[in-house]
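Chemist: quick check, what structure comes out for this input:
(one chain, ligands or ions: 2)
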Amino acid sequence: MSEAKQYNVAVVGATGAVGQKMLETLEDRNFPINQLKLLSSSRSAGSKVTFQGNDYTVEEATPESFEGIDIALFSAGGSVSKKLAPEAVKRGAVVVDNTSAYRMAEDVPLVVPEVNEKDIADHKGIIANPNCSTIQMVAALEPVRKAVGMKRVIVSTYQAVSGAGNEAAEELRNQSQAFLDDTDLKADILPVKGDKKHYPIAFNALPQIDVFQDNGYTFEEMKMINETKKIMHAPELSVAATCVRLPFFTSHAESVYVEVEKDGVTVEEIKQLLADAPGIVLEDDPATQTYPTPLSAAGKRDVFVGRIRKDLDDDRGFHLWVVSDNLLKGAAWNSVQIAECLIANEWL
Ligand code: NAP
Ligand code: 12T
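Modeler: Ligands and ions are numbered 1, 2, ... in the order given. As a prediction, this is how the structure comes out:
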């Protein structure tokens with residue numbers, strides 16, 4: 001084991017919603033850092049960020065930024081990853097990429113450690129962090145799939161605005177104030193920055209996350225569908241998704257319907273499988289109104305599951321409510337966890 005070793009770490013997008021959580025998570029985990037480099041665009045270059053009580057100056061990300069870096073955590077958008085991740089790899093770094101740029105590439109492992117940690121071993125310099133909504137769903141479903149098989153998944157999401165970045169969170173704050181003040185709501189960011197139309201998110205629900213695809217699904221929905229099959233190594237699994245943005249800041253919630261393969265499985269068995277699973281917390285007791293909510297999950301690294309019920313018509317059907325902090329397990333924590341796996345298994 002190389003426990004005493006310390007690593008040179010770069011955080012790309014350090015000033016963003018995900019990047020800030022990366023720094024908090026590295027701090028909380030006491031990650032073995034030798035040198036820390038904080039990178040952003042030229043807009044934030046020169047600004048100061050505090051890490052473990054010390055001030056760091058943010059620098060503009062360039063190919064040369066990665067000289068001497070061992071681990072680079074990317075969350076600055078797909079175009080930045082496409083341009084700079086290969087430059088980091090060329091210079092000897094291992095990249096954990098939080099964007100959708102490489103997730104479906106054949107030679108890039110797409111990893112949720114509780115589900116497919118071993119896939120990391122095959123990396124060729126880049127490991128992709130899945131989409132936030134996908135991560136929490138597969139973490140909750142894998143223990144069930146392993147034990148009793150799985151044929152079909154149908155999910156509807158209830159997603160927080162922080163998933164769309166700091167500007168989207170700011171938009172919800174401003175619109176909420178405007179709504180309460182009875183003045184006009186300005187909508188410039190959501191549902192998707194740069195798309196043709198914008199709708200208010202405050203006191204609303206938007207059935208569009210990321211851009212529309214030719215098949216009528218949004219890209220967020222297609223990420224959930226394709227990434228779930230890749231992570232679980234289950235190309236034959238049926239997956240359908242509807243992704244909806246709601247006006248709260250943190251944590252995604254999901255209503256998940258699963259059809260298992262085995263006959264006669266009970267709710268108690270499903271509960272036991274989840275109670276025993278790593279990274280999962282079962283919060284399920286109708287008698288005491290116990291179930292997770294976006295607010296109760298915010299700030300925590302686990303995936304919370306409740307409201308487990310058997311379908312009333314299909315013996316193999318189950319309904320679950322899955323909630324997790326989208327910026328922690330959905331992004332920063334899953335990435336840092338992958339980095340910890342790289343170190344612990346000497347897969348760097
Ligand atoms: P954000 O709050 O808008 O922050 C964007 C970050 O990227 C900022 O640090 C920004 O730096 C930096 N950046 C922008 N353009 C850049 C450039 N050309 N070169 C270098 N850095 C640049 O967004 P966020 O919510 O943190 O999300 C960032 C990215 O992470 C997203 O685009 C997405 O790809 C990914 N993400 C993944 C998940 C997931 O599901 N796993 C969830 C959310 C986001 P400045 O301060 O200089 O602007
Ligand atoms: N547009 O990393 O808007 O694929 O909530 C995650 C979340 C992209 C991603 C969002 C997005 C991703 C969002």
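
Chemist: near ligand 1, which residues of this structure? Just list them.
Modeler: Taking Cβ under 6 Å from any ligand atom as the criterion, the neighbours of ligand 1 within the chain are 13-19, 40-41, 43-44, 61, 75-78, 80, 98-99, 129, 131-132, 163, 165-167, 330-331. C-betas here are computed from N, CA, C, even on glycine.

Chemist: all helices of the stretch 51-200 of the chain, in order?
Modeler: When secondary structure is read from DSSP state H, counting those that start in this stretch, the stretch 51-200 of the chain shows helices at 78-90, 113-116, 132-148, 166-180.

Chemist: now, which of the residues of the chain next to ligand 1 lie within strands?
Modeler: With strands defined by DSSP state E, the entries of those inside them are Ser40.

Chemist: any low-confidence regions in the stretch 1-150 of the chain?
Modeler: Flagging of the stretch 1-150 of the chain using pLDDT under 70 yields the residue ranges 1-3.

Chemist: near ligand 2, which residues of it?
Modeler: Applying the criterion Cβ under 6 Å from any ligand atom, the portion of the stretch 1-150 of the chain that neighbours ligand 2 consists of Thr99, Ser100, Asn131, Cys132.

Chemist: could you rerun that using 5 Å?
Modeler: Taking Cβ under 5 Å from any ligand atom as the measure of proximity, the stretch 1-150 of the chain contacts ligand 2 at Ser100, Asn131.

Chemist: equivalent analysis for the stretch 201-348 of the chain, please.
Modeler: Within the stretch 201-348 of the chain, the positions near ligand 2 by Cβ under 5 Å from any ligand atom are Asp210.

Chemist: contacts for stretch 164-172 next, please.
Modeler: In this structure, residues lying in contact with stretch 164-172 by Cβ atoms under 8 Å, 6 or more residues apart in numbering are 16-17, 161-162, 186-190, 192-193, 201-202, 209, 245, 247, 249.

Chemist: meant to ask about stretch 47-66
Modeler: Residues outside stretch 47-66 that contact it (Cβ under 8 Å, 6+ apart) are 10, 12, 14-15, 23, 26-27, 36-42, 44-46, 72, 76, 80, 84, 87-88, 90-91, 93.

Chemist: select only the buried ones of those residues in ChimeraX?
Modeler: Selection command for ChimeraX covering only the buried members of those, criterion 16 or more other Cβ atoms under 10 Å:
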select :10,12,14,15,23,26,36,37,38,39,40,41,44,72,76,80,84,87,88,93
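
Chemist: for Ile270, give me its contacts.
Modeler: Under the criterion of Cβ under 8 Å, 6+ apart, the neighbours of Ile270 are Val144, Ile308, Phe318, Leu320.

Chemist: for it, what is the enclosing helix or strand?
Modeler: Counting by DSSP states H and E, the element that carries Ile270 is helix 267-275.

Chemist: buried sites along that helix?
Modeler: Going through helix 267-275 with 16+ other Cβ under 10 Å, the ones that come out buried are Ile270, Lys271, Leu273, Leu274.

Chemist: mind checking what helix or strand follows it in sequence?
Modeler: strand 280-282.

Chemist: name every strand pairing with that following strand and say which way it goes.
Modeler: Here the strand partners of strand 280-282, with direction, are listed using DSSP bridges: strand 303-310 (parallel).

Chemist: list of residues touching the next helix or strand after the partner strand?
Modeler: Proceeding C-terminally, strand 303-310 gives way to strand 317-324 as the next helix or strand, assigned by DSSP H and E. By Cβ under 8 Å, 6+ apart, the list of residues contacting strand 317-324 from outside reads 135-137, 139-140, 144, 251-260, 265, 267, 270, 291-294, 296-297, 300, 302-311, 330.

Chemist: list only buried entries from the residues you listed.
Modeler: Using 16+ other Cβ under 10 Å as the threshold, 135-137, 139-140, 144, 251-254, 256-260, 265, 270, 291-292, 294, 297, 300, 302-308, 330 are the buried ones among the contacts of strand 317-324.

Chemist: hang on, the earlier thing: so which of the helices of the stretch 51-200 of the chain is the most surrounded?
Modeler: Across the helices of the stretch 51-200 of the chain, averaging neighbours per residue (mean count of other Cβ atoms under 10 Å) puts helix 132-148 on top, at a mean of 24.

Chemist: once you drop chain neighbours, what's closest to Glu67?
Modeler: Nearest-residue entry for Glu67: Arg91, 5.6 Å, with adjacent residues in sequence omitted and distances by Cβ to Cβ, 6 or more residues apart in numbering.

Chemist: again with Leu320
Modeler: By the measure of Cβ to Cβ, 6+ apart, the closest residue to Leu320 outside its immediate chain neighbours is Val256, 4.7 Å from it.
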